[in-house]
Structures are given as structure tokens and as C-alpha cells.
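Novice: Predicted model and sequence below, questions to follow.
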Amino acid sequence: MSGLSEDLASLPLRERLTLLMNNEKIFHVIFAQQFDRDVLDFLCRTATQLRKVAKSVEGAKFLQTLLGHKSAMLYFTQPSTRTFLSFVRACQYLGMNYSEVRDPRTSSMVKGESEIDGVRTFSSYFDLIIMRHREKGFAERTAHLMNQIARPVPVISGGAGTDEHPTQALLDIYTLQRSFEARPNGIEGLYLAFMGDVARGRTVRSLAQLLACYPDVRLAFVAPEELRIRDNLRAFLDRADLDYIETEDVNEVIEDVDAVYVTRMQDEYDVDHESEAIDYTRFHLTLEHVQRMKSDAIVMHPLPRREELDPRIDTDHRAMYWRQERNGMWIRAALIAYVFNVEARILDYYGTHYNY
Amino acid sequence: MSGLSEDLASLPLRERLTLLMNNEKIFHVIFAQQFDRDVLDFLCRTATQLRKVAKSVEGAKFLQTLLGHKSAMLYFTQPSTRTFLSFVRACQYLGMNYSEVRDPRTSSMVKGESEIDGVRTFSSYFDLIIMRHREKGFAERTAHLMNQIARPVPVISGGAGTDEHPTQALLDIYTLQRSFEARPNGIEGLYLAFMGDVARGRTVRSLAQLLACYPDVRLAFVAPEELRIRDNLRAFLDRADLDYIETEDVNEVIEDVDAVYVTRMQDEYDVDHESEAIDYTRFHLTLEHVQRMKSDAIVMHPLPRREELDPRIDTDHRAMYWRQERNGMWIRAALIAYVFNVEARILDYYGTHYNY
Amino acid sequence: MSGLSEDLASLPLRERLTLLMNNEKIFHVIFAQQFDRDVLDFLCRTATQLRKVAKSVEGAKFLQTLLGHKSAMLYFTQPSTRTFLSFVRACQYLGMNYSEVRDPRTSSMVKGESEIDGVRTFSSYFDLIIMRHREKGFAERTAHLMNQIARPVPVISGGAGTDEHPTQALLDIYTLQRSFEARPNGIEGLYLAFMGDVARGRTVRSLAQLLACYPDVRLAFVAPEELRIRDNLRAFLDRADLDYIETEDVNEVIEDVDAVYVTRMQDEYDVDHESEAIDYTRFHLTLEHVQRMKSDAIVMHPLPRREELDPRIDTDHRAMYWRQERNGMWIRAALIAYVFNVEARILDYYGTHYNY
């Protein structure tokens, strides 16, 4: 098993995706790139319907019957509030039982157990493993283990090191879809600026990759010289023929973009305090910036924030980040429903059969 | 937001209460003094009915339908067993979903997020925030934030530093109400002695304030010289025209009181180990003391106890503290039902419409 | 209360069992030896039926109605994953509310409360206490406290120090019963080898004691000289007239046994690193060993494992340890159903009245 990790890392993504899906009965969620446009549209529609159904007491009770016979393990060994709590709420909305392991000190791993035996144990007791893990590729390895054992369960990654964070990308897409659903072409043709540490923010990379599913999207990367997008993302954007610019000055684009996606300095990935040498204040979004944005533009942020996003923006109608956070709950609930094949019951809730 | 705290602290309580209630749709619970006699009576009646309904399997199932569509965040960053678990049980009795954040190390706050952003996040995912916090005024600040945002949720304080602990005061009142419900005037006219560290026990101050709602209550404060009640409580008692005495000798009052409320030394609030110089053994309640009490008197204690309350008292019929603890669960469930306006369904459970 | 512990330890087990059961309404689970053959058979049958019922959505929903009005406290102050999570899942299958206390730092015990007051508090709020505790005899003491108070609740031990681990023994018995149910006499007449640290593994002692309920069972203890079974177990085996051998060489028995039960070195109980002097590699089970076992033999392990059990065995059909782990969930759910007297409703689920 330990060797598998290196084997996987050396494979092209296309082959890794094929490997991931080699158990037909199980849908793992590991990479943002698993999702094509059809599935993205479908998940967004499911999330919107779920949100609507949940508003009535009767609807909320109906949702809780969907997965009352299923259970999830939330294995979160990396600190997290939002991702964790929104998955908890997603389980609760669907009536799913769950339990959590967050602090390895309360677990048997102190007795010398391998972590992969630990996650196999979760699959003995639960029907779904949702995991956030510091080690790159650990969720993928777990999914592969599942594809090989007698009682496999699906694995959903809630973020893996500097690696993928697929459900963050889903909630970002859902936020864009909701925010621009009144436009005839929705997300298509949007102009979106990423601002800040676009080198190391996994949310930036994942969302940029998903946006390639939508025609005519244009991107701007507003970042300090030291934190520009990396070569692998640049290669992806070129291959996908996505129109993008890079700049160090947000003023060049702020009046033109439909959305600005602010990110904090990801200094937890510093090797030697290199972030400290960077003047990040030029990549702080201020209320003055926002007031120059188009009236129907939006401000996004994956949260938590530090100083890069002025709290005075909170009350501006363009501030979308608090709703973006709440959208995470809805899209994760939609995703879990999809993993267990009960999404049609949500879409059909009001009696009209949904064609898909 | 950081400035708000100081602004609030300088306002008279009456104005703070008005501010707290300026969102008509939301009922926050921050101060014991929010509750007038009518609400206290009503909550006690609801708790008693809830307790009765919960005894049957059918009744318990009914209660769990009341708030199955609602969720609570239990944000407890100060150590607590009783308050936490009784709120958990209150949520469970009402069928409410909940989650908890207790250890800030597992949360995003390690990434530099402000705590007020953290609680705002809770309001994105949950319908109620129950919090216990070391910082004085933090629950009040959170309630004010809620009154200003697009998706506000009610806040219930589960204790705040040396400050208020309103639900402890409610459970104490409920314990007195239950213990003396056979008396024609219930709590009215009772003689109650507080014993021990009456200077720093927030339960003492909160309960004393609520007892001012009941005519003819008399109080005794049995405390070492160094731990006598403080000037602000004394001023309150004088204003409320409450009859009270102060003494260092429990023998002066033990045979006369209807209830003795024992408290432990609150040495966690010591600035410089000043508690160590105090001989607290004179403020230990012994079995011999209890045997001299009136036969229908009761012994209360907020628990946990150390040596100030002799375990041999546990089997005496006057020992009320274990039932007092359990009462906390019932009154908190009643309070949550009240916050969400479903208490009438509990009161009407047996078919007879309750007039209130 | 503190004296009670020593009093208990000096009593013969028979008297301790009688004391434990002196409250007719309450069934505590503290010792493996509480269970006679009839109860073991009955619990196994209940577990098998529960497992079958849980497979359908309707059945799973039915099970969750059984204890929806009850609640459990999981008090686990010793690290544990499997025992904890399988009890959690057992509660969830039965629809039971539960809460947990695992980290004493978040509890009131930091204020100087006695632990026995702490568990009494749990009994104020909950209907069942499930506990795992480092201190030998603590679960038994708690059960005795329960037998003395006004609102007693049952106590189930989830393992106590080097002491008893009764539900591990139950799941081992259930695994043997399931694995050999096709044999006319089931467990009777089996030949089972315990391998490894048979001196300090509480699972070894507990299971050996339960196997005495089954005629003609034979045992082998394969252990290093330093870790041979201790005198009290040897005395038990002699009294029970159980046929057993002791050896240092697994090759002597591997081809003959029906089951080999591998255990890891229990070095957490070392006083002075004495384990380090032992060559444990001779007590590692390899794939080569397993391939020499009878085709219908099984490999068991209480997990977690270190190096004593080769992961290459995992895919051999004789590897039973992952199912053994999952069996823990079913037998614990059956046990809780039994404690609350609802097991008949499970056994009668398919309409035919079960005769017992």
C-alpha cells in the first residue's frame, strides 16, 4: 500500500481518474476534474432544489428520511471548521448518521496501527468516508483501497494537503451559478479575477480547472511576483484554451470583472518563512475597490479571512462570501445524495418528474 | 466590533436589554434579568409539562418532532460538563440536530481568523448558537452581531467568564419552584441562604437577582469576610428592597432557612492565589448541619463540588442537588422550545388547550 | 466509595456478580463471566437477526424506533477507536441518542470534582453509561453506585485497564459462532490457538473464560516464555477442565487448529520496557502459516495490529479479522437491545413469534 502512493503520483491524471472509477457501484470524490459540465449543472440543480425543499418543515422531514439508513465517518485530521461543519450539516439534512475522528490521540493509532488499517476500520462500520488529511494523495489511496476490499464504501475528499479540495470547487461553482442564474448564459462568458496567493491556494487551482467547462470564461490572476500561478496550472489553462491575464495591480481589472475571488496568504505551506518577505497589503481588497466594481458583480472568498478582505465590505450587496459559505452546505448535501443515488427523489419532490 | 464591547459595558443594563431585543423575531438569552415573573412561571410550567410528556415513549417521540428541522451549534470554549451535556440532552429531547466546537485547535482560528467571523460562520450553518466563553460580554456581542446581519440566529449564553450564567439561574429557580410547589405561595416568602464564595459565584448573583421577582423572599449570605457579596449585588438588593443578612456563621441560620445554596471556592478567578489564605472549612456543609435543617428544607449546589458539601448528605431526603442538575436539562429544553415558539405544542400535548 | 474498590477486589467473583445484579431492574455488563451459554446463544441469535433486519431500508428504520426515547453516555477516557465507534454505531442502529466525554480537559473535573461525582452526573442526564477506563474496577464501582442511587442506569464496560473487556469477548464468540454455524455443533469441539502476548491480553483471558461454556473446546497458547498465561487463568482452565497446551512454536499447532487468534504485544502495560528484550518476531503470523491452515479455519485478531499479522493475509479467505471487527457493532447493538428489553421486538420482526 505504501508503494501505491508513488505509483499513483507518477500516472497521468486521466489514468488516475479511470483507476478511481474502476468499481462501478462506487462514486469517489477526489479531484475537481472528475466533474464535467453535465454533472456540475446537475449537482447545482439538485442543491437548489434541496435548499428549497429544506425550507418547509415537511420538506426538511422528507429530506431526513432519504439516508436515515446510512452512516458517514468524518475523518478530519487537519484543522477545519467550515468544511467539517458543512459536511456535518449536509449529513444532518439527509438524516444520515455520522461520527467523527479528529484527534488521533483518542484513537488506536497511538498503539502503532497503520493509518490505512485505521481507515479500513471506518469502512467496516460506516457507509461513507469523508476525509480531510494533511498528506497529499491519502484520500486517493483510500479510494483505491476501497476498490479492492470486500466491503468497499465511497470516499469524499474534504481537502488534502496542498492538493485537491474538490468540494470547495463545487461550492464556488454553485455560488457563481446562483449569483448569475438570471443571466441567459449563467457562468458562461464570466470574467473572474483571482486575487492574492494564487500559487498555493488549492481553491484557486481547482476552481480555475472547473471553469474550463464553461465557454468564454476569462480569468485574471492578481498576485505578487513571488506567488504567481505555477507552471502546471499555466499549462492546464493553455491546453484548455482559457483566456487569462496575470497582473500585480487589482486596479487594472476591478472595474471590469464579474467576480473577484480573494484568497489569504497560504503561509502554512511556507518552507522557510518566505511569505514574510512579501508585501501582501497590495492584495488586500478594500471597500473602495468594491465600490468601483460593477453593480451586479460579486466578491468571493473561501474563508477564513485575515486582513486581505476588509470587514466593511460585509454589508455591501456585492459581498457574497457569507452566502458562499452557506452554499457549501447545500452543494455537499447534494453531492452526498448523488453518491447514494437518492438525488432523483429530491428533484421529484414536488410531484413533477424531473427529466435528466 | 472590538469597540462595541466597551461601548456595551458602559451602558446601563436596561439599555443593553433593549438593544438585545431590537430584532423582534429573535429572542437571545444573555442575562438572568431578562426574565420577569411571568416568563419564569411560564418556563417552569413548560419544563414540568415537557418532563411529563417525555416519560412515555409516545410523548418522547412527539417531542422529537418539534425541532427536527432546526439545528444548534454548541460553542463551548470553556471547560464544562453539566451545562454542555444538559444542552445536548435538551436538543436531543426536542429532536434538534446539533454540532459542537469545543477545542479551538481543531478549528480554522489557528489560521488567523477573528473569533467573531467564526461565530458568524456558525450562524451560516445553524439556527441557534449556544455558547460558553471565557470572555466577559462575548455572548452579548455575538447577539448584537446577529441583530445586524442578513441571516440572524438566536444566541443563548451558557455562561460567560465571571459574568452572567442565565440558564443556571433558570434551573435554580425551577428547582425551587418544583421543591416548593406544594406550598400555597411556592417560592414567595422563602428564606434562602447562600453559603461560601458569594463574592465570585456568578450563580449566586444571578439567582439572587431572579429571586427579587418573588415577594417576601429573604436571603442570608454566609461567607468569609474576604468573600462577602460585592457592592454591585448589595446595591441591587437594596434597590429591589430584598430583605437579607450577612453572616460568617451558618449555625445562625441553618435551622431557619428553607433552602441552603452551597457554593465552592471560585479560585479559578484568583489573581494571586488569595484564596489560599482563607479558611474555607467553616463554610463546608456537613451532614450534622443538614440534620438540623427543617424537614421540608432543601440543600442545593450548582455542582461540581469539592469538600464544601459532604457526600454523606447525598442520601438525605433534603439533598436536592442531583435533581437540581437534572432540572437543568428540562428547563433548558423548555427554554429552547420557547426560543423557537413551539412551547405551546408541548403545553397542549394532552389535548386541553393551555391558556396563557 | 474509595474504600469500596478494595472491598470488591477482595471478594470472590461469584459474590461480586451477585452484588452487581442486586438491582433487579438493571443489567450491568462488567465481566465476561456474567454470560452463560444460554445468554451467549441468545445474544448471537439477536445479533444475526438485527444484522438481517438492518439490511433493508424499512428494517433499518424499524430498528431506529426501538430506543429513540433512550440516551447513552459514552465515557471513554482511554484511547479507543474500534470499541468507541462500534458502540456509536450500535446506538445509531437502535435510534438511541448519545453523547460522549473523551477528553477530561473539556470537563468539570479540572475544577476538582471527584470522578465518581462525574459519572453520577452522567446518570442524571442519560439512560445508559458505556465506559472505557484505565482504572481497574472503575466500571464495577460505577455499577455499584448505580445500584444505590435514586435514578440508577445500567453500566456497560467497554474495557477497563488490564482488566475485563466483556464486549470484546462477546464479539469474539459471535465471530466464532458465525464462522462455524454450518458445523452441526458450532463452537463446540473447536480447537483454537491464542498466539502472542497471552499474559497481558485481556481479550485472551476473557475469551478463554467464555469458551469454557462450550463442551470439548481445546486451546493452545503460543507465547514466548516471558508472556505465558498467568496463574489465575491457568487455575481457571484447570477448574473448568478445559483441555489446553502451551507452546512457543506455532508450527506445532497451525495445521490442526480451527482458529488462530493473534494478539499484539501489550507493551503499554510494561513497567520497565521489559517487552523490548523479547523476540516477538517468532509470534508473527505470516501468509505462509495461513496457507498451511485448514481450508475452513479462520484467522482472528482483536485489532489494531502492528507487525504480528502480515497484511498479505488480508485477501486470504481465512482472514476473519475485518468481519470480526464489524461483528463487534452487531453484537453490541444486540447487547444494548437486551439491556433495554427490546430484543424480542427484533427477533419477532418478520412476524413469526420467537420462542425463547
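Specialist: Cool, got the structure.

Novice: can you pull the contacts of the residue in the stretch 101-250 of chain A positioned nearest to chain B?
Specialist: Going by CB to the nearest CB, chain B is nearest to residue A:102 of the stretch 101-250 of chain A, at 5.2 Å. (Glycine included, C-beta is placed from N, CA and C.) By CB atoms under 8 Å, 6 or more residues apart in numbering or on different chains, the contact list for residue A:102 reads A:74, A:76, A:77, A:84, B:106.

Novice: Turn these into JSON lines, including pLDDT and neighbour count.
Specialist: Formatted as JSON lines, the contacts of residue A:102 follow (pLDDT from 0 to 100; neighbours: other CB atoms under 10 Å in any protein chain shown):
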{"residue": "A:74", "pLDDT": "97", "neighbour count": "25"}
{"residue": "A:76", "pLDDT": "94", "neighbour count": "22"}
{"residue": "A:77", "pLDDT": "89", "neighbour count": "19"}
{"residue": "A:84", "pLDDT": "96", "neighbour count": "24"}
{"residue": "B:106", "pLDDT": "58", "neighbour count": "19"}
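
Novice: now, which of the residues you listed lie close to chain C?
Specialist: Filtering the contacts of residue A:102 for proximity to chain C by CB under 8 Å from any CB of the partner chain leaves nothing.

Novice: Sitting in strands, which of the residues you listed do you find?
Specialist: The strands, defined by DSSP state E, take in A:74, A:76 from the contacts of residue A:102.

Novice: wait, which of the contacts of residue A:102 is closest to residue A:326?
Specialist: Distance to residue A:326, by CB to CB, is smallest for residue A:84 among the contacts of residue A:102, at 14.8 Å.

Novice: which one is the closest one nearest to, not counting chain neighbours?
Specialist: What sits nearest to residue A:84 in space, not counting adjacent residues and going by CB to CB, 6 or more residues apart in numbering or on different chains, is residue A:76, at 5.2 Å.

Novice: And residue A:249, by the same measure?
Specialist: Nearest residue to residue A:249 in three dimensions, chain neighbours excluded: residue A:222, at 7.3 Å (CB to CB, 6+ apart).

Novice: Among the contacts of residue A:102, which one sits closest to residue B:257?
Specialist: Checking the contacts of residue A:102 against residue B:257 by CB to CB gives residue B:106 as the nearest, at 46.1 Å.

Novice: For the stretch 101-250 of chain A, give the residue positioned nearest to chain C.
Specialist: Minimum separation of the stretch 101-250 of chain A from chain C (CB to the nearest CB) falls at residue A:113, amounting to 3.4 Å.

Novice: quick one, phi psi at that residue?
Specialist: Dihedral pair for residue A:113: phi -70, psi 150, per degrees, to the nearest 10.

Novice: which residues sit in contact with it?
Specialist: Residue A:113 neighbours (CB under 8 Å, 6+ apart): C:303, C:304, C:305, C:306.

Novice: still on that earlier bit, tell me, how many residues neighbour the residue nearest to residue A:249?
Specialist: If you count neighbours by other CB atoms under 10 Å in any protein chain shown, residue A:222 ends up with 27.

Novice: beta partners of it?
Specialist: Counting by DSSP bridges, residue A:222 is bridged to residue A:195, residue A:247.

Novice: ok, now which ones touch the residue of the stretch 1-150 of chain A found nearest chain B?
Specialist: Going by CB to the nearest CB, chain B is nearest to residue A:60 of the stretch 1-150 of chain A, at 3.7 Å. Neighbour list for residue A:60: A:53, A:54, A:93, B:68, B:69 [criterion: CB under 8 Å, 6+ apart].

Novice: so which strand or helix has the closest residue to the last one other than its chain neighbours?
Specialist: Meaning residue B:69. Distances taken as CB to CB, 6+ apart place residue A:60 nearest to residue B:69, at 3.7 Å, with adjacent residues excluded. Residue A:60 belongs to helix A:57-66 when assigned by DSSP states H and E.

Novice: Now do that helix against helix B:57-66, angle only.
Specialist: Helix A:57-66 runs at 110 degrees relative to helix B:57-66, counting by axes from the mean of the first three to the mean of the last three CA atoms, to 10 degrees.

Novice: any idea of the mean pLDDT for helix A:57-66?
Specialist: Average pLDDT, helix A:57-66: 97.

Novice: again, but for stretch A:269-281
Specialist: For stretch A:269-281, mean pLDDT is 90.

Novice: got the end-to-end distance for that stretch?
Specialist: End-to-end span of stretch A:269-281 (CA to CA, to the nearest Å): 19 Å.

Novice: Strands of the stretch 51-200 of chain A, residue ranges please.
Specialist: Assigned by DSSP state E, counting those that start in this stretch, the stretch 51-200 of chain A shows strands spanning A:71-76, A:97-101, A:128-133, A:155-160, A:191-195.

Novice: same deal with the stretch 251-356 of chain A?
Specialist: For the stretch 251-356 of chain A, the strands defined by DSSP E, counting those that start in this stretch cover A:259-262, A:298-300.

Novice: pretty sure residue A:290 contacts residue A:299?
Specialist: Yes: the pair residue A:290 / residue A:299 is scored as a contact, 6.0 Å apart, by CB atoms under 8 Å.

Novice: shared neighbours of those two, which are they?
Specialist: Residues touching both residue A:290 and residue A:299 by CB under 8 Å, 6+ apart: A:313, A:316, A:318, A:319.

Novice: bridging residues for the last one?
Specialist: Spelled out, it's residue A:319. residue A:299.

Novice: how about the residues of the stretch 201-350 of chain A near chain B?
Specialist: Residues of the stretch 201-350 of chain A lying near chain B (CB under 8 Å from any CB): A:264, A:268, A:303, A:304, A:305, A:306, A:311, A:314, A:322, A:325, A:326, A:329.

Novice: ranking these by neighbours, who comes first?
Specialist: Ranking those using other CB under 10 Å puts residue A:329 first, with 26 neighbours.

Novice: Quickly note the distance from that one to residue C:213.
Specialist: Residue A:329 is 51 Å from residue C:213, where distance means CB to CB, to the nearest Å.

Novice: Same question for residue A:154.
Specialist: Separation of residue A:154 from residue C:213 (CB to CB) stands at 41 Å.

Novice: what's the span of stretch A:253-265, first residue to last?
Specialist: 20 Å.

Novice: now do stretch A:127-137
Specialist: This stretch, stretch A:127-137, spans 21 Å end to end (CA to CA).

Novice: Contacts for it, please.
Specialist: Identification of contacts with stretch A:127-137 by CB under 8 Å, 6+ apart yields A:5, A:8-9, A:70-78, A:80, A:83-84, A:87, A:96, A:119, A:122-123, A:138-139, A:142, A:146, A:153-163, A:336, A:339-340.

Novice: Drop the exposed ones from the residues you listed and show what's left.
Specialist: Restricting those to buried positions leaves A:5, A:8, A:70-78, A:80, A:83-84, A:87, A:96, A:119, A:122-123, A:138-139, A:142, A:146, A:153-161, A:163, A:336, A:339-340, with burial counted as 16 or more other CB atoms under 10 Å in any protein chain shown.

Novice: related to what we said a few turns ago, how about TSV for the residues of the stretch 201-350 of chain A next to chain B, with distance to residue A:217 added?
Specialist: Below are those laid out as TSV (distance: CB to CB, whole Å):
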residue	distance to residue A:217
A:264	24
A:268	29
A:303	23
A:304	27
A:305	25
A:306	28
A:311	29
A:314	27
A:322	24
A:325	23
A:326	24
A:329	25
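
Novice: ok, so of those, who is nearest chain C?
Specialist: Relative to chain C, the closest of these is residue A:329; by CB to the nearest CB it sits at 21.6 Å.

Novice: List the residues that contact that closest one.
Specialist: Going by CB under 8 Å, 6+ apart, residue A:329 touches A:86, A:89, A:90, A:93, B:124, B:125.

Novice: What's the local residue count around residue A:341?
Specialist: Residues lying near residue A:341 (other CB under 10 Å) number 10.

Novice: Run through the residues that contact the nearest residue to residue A:216 once chain neighbours are set aside.
Specialist: Nearest residue to residue A:216, sequence neighbours excluded (CB to CB, 6+ apart): residue A:189, at 4.2 Å. For residue A:189, the contacting residues are A:215, A:216, A:217, by CB under 8 Å, 6+ apart.
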